[in-house]
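*Asks:* Here's a sequence, model it:
(chains A and B)
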Amino acid sequence: GAGVSQSPRYKVAKRGQDVALRCDPISGHVSLFWYQQALGQGPEFLTYFQNEAQLDKSGLPSDRFFAERPEGSVSTLKIQRTQQEDSAVYLCASSLVGRASNQPQHFGDGTRLSIL
Amino acid sequence: AQSVSQHNHHVILSEAASLELGCNYSYGGTVNLFWYVQYPGQHLQLLLKYFSGDPLVKGIKGFEAEFIKSKFSFNLRKPSVQWSDTAEYFCAVIVYPHQTGANNLFFGTGTRLTVIP
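*Replies:* Numbers count the residues shown, from 1 in each chain, chains lettered A, B, ... in the order given. Presented below is the predicted three-dimensional model:
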């Protein structure tokens, strides 16, 4: 497709379950970002990939959060032992070239995660 | 720490009214500035951006923003709003050198704009 694709659009899980959120960036985009957007807040940075390399994971809130992009295209954000405070919209964004550039970031529709 | 402030949480205007949404950031170094818009049920879309040069930048759909370095501000304006401008508007910043390893965006909390026909 032409844009960033995220799945699922909605995910409901019970506290303690593991979840996996998928991001399919625009074809050929080198940079991939994950953001977390809590209700009533702006998106907050979680982690960054340049191709398959995770160059920054400083925004991941705990070691229950894990992200990968093994082949430099599709990325998965995994949350283990989910907690209620993990409820948020998770946004994926991609841009054409690496972190030194001024290329704009293109966002997906997000995955709305609700933890019961 | 880097922060972006949007002081207006919800703005309600009638069609044809003029719009100005405030954005201030707290970083003294080099910044790239952005306004993103999120229409109901849609993804974030880039409205306009400032990297360098003319501090008055024009974006899509008649929006413009002015970078005032001395005020650390990047306010969004539109002379005459339409009902279709109803959306959430986010100001965002990339700082240089990067505070993290990435050129990630730092976002404000957003301003919800409701335009009444």
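
*Asks:* show me where pLDDT drops low in chain B?
*Replies:* B:1, B:98-101 (pLDDT under 70).

*Asks:* Any idea what residue A:112 is bridged to?
*Replies:* Legend: beta-bridge partners of residue A:112 under DSSP bridges are residue A:10, residue A:89.

*Asks:* Can you report how many residues neighbour it?
*Replies:* Applying the criterion other Cβ atoms under 10 Å in any protein chain shown, we find 16 residues in the vicinity of residue A:112. Yep, even glycine has a C-beta here, placed from its N, CA and C like the rest.

*Asks:* Likewise for residue A:70?
*Replies:* Using other Cβ under 10 Å, residue A:70 has 9 other residues around it.

*Asks:* confidence score at it?
*Replies:* Turning to residue A:70, the model gives it a pLDDT of 96.

*Asks:* same check, this time on residue A:21
*Replies:* The per-residue pLDDT reported for residue A:21 equals 98.

*Asks:* There's contact between residue A:105 and residue A:33 in this structure, I believe.
*Replies:* Yes: look at residue A:105 against residue A:33 with Cβ atoms under 8 Å: they come within range, at 6.3 Å.

*Asks:* Which neighbours do these two have in common?
*Replies:* With contacts defined as Cβ atoms under 8 Å, 6 or more residues apart in numbering or on different chains, the residues adjacent to both residue A:105 and residue A:33 are A:93-95, B:105.

*Asks:* Strands of the chain, start to end?
*Replies:* If you meant another chain, say so; for now it's chain A. Applying DSSP state E to chain A gives strands spanning A:5-7, A:10-13, A:19-24, A:31-37, A:44-50, A:53-56, A:65-68, A:75-79, A:88-95, A:106-107, A:111-115.

*Asks:* right idea, wrong chain: chain B
*Replies:* Secondary structure of chain B, counting by DSSP E: strands at B:4-5, B:10-14, B:19-21, B:24-25, B:30-38, B:45-50, B:56-58, B:64-68, B:73-78, B:87-96, B:106-107, B:111-116.
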